[in-house]
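Trainee: Generate coordinates for the sequence data below:
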Amino acid sequence: MNKELLISKLKKYQKNYKSYENYVVMIKALEDLIGKTIDYILKNPEECYPIIKEKYPNINTRKNMMTPILTLFRLNSDVFSETDKNKWKQYHDDMKTILGVRARQNKMPEKAEENYVSTEEVELKVKELQRSRIVTGK
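Mentor: Down below sits the predicted model:
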């Protein structure tokens, strides 16, 4: 199935036009990243997923980038191999599992950890500011 038919089917079944536009943008980004058309990407998960994984190390972003892939499989289940669909689904499910484990461990993402300020630090700063206000009389 060619790209135009895939996109037209996506447009037909995607109720929200903004979601459709977002999917088209993500599909274009995937095509640009991999250098192949979306139908090639759908048929070659073992070749394409490692490229996506390298480009999108953040699991949420990677998972979101794969949503249009799974949607295209859902809308075109009669066209694509069940094996390819199951492989993409497994990659997606693996990311959900990782996110679930992180949530259960209450593990803070690295980016958030870098910017984290403890309540103790905030309390110390408040006391410091209160003291300087008393000293200066303001």
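Trainee: Just give me the neighbour total for residue 56.
Mentor: Using other C-beta atoms under 10 Å, residue 56 has 17 neighbouring residues. For every residue, glycine as well, the C-beta is placed using N, CA and C.
Trainee: Kindly report the same for residue 17.
Mentor: Around residue 17 there are 9 other residues, counting by other C-beta under 10 Å.
Trainee: hey, where'd the helices end up in the protein?
Mentor: Counting by DSSP state H, the chain has helices at residues 3-13, 17-34, 38-43, 45-55, 59-75, 82-105, 110-114, 119-136.
Trainee: hey, least reliable of the ones you listed by pLDDT?
Mentor: Between the helices of the chain, the one with the least mean pLDDT is helix 110-114; it has a mean of 73.
Trainee: Check the offset of it from the chain's centre.
Mentor: Shown here is helix 110-114, whose average C-alpha point lies 18 Å from the average C-alpha point of the whole chain (C-alpha atoms, centre = their mean, to the nearest Å).
Trainee: Contacts for that helix, please.
Mentor: When contacts are taken as C-beta atoms under 8 Å, 6 or more residues apart in numbering, helix 110-114 has no neighbours outside the stretch itself.
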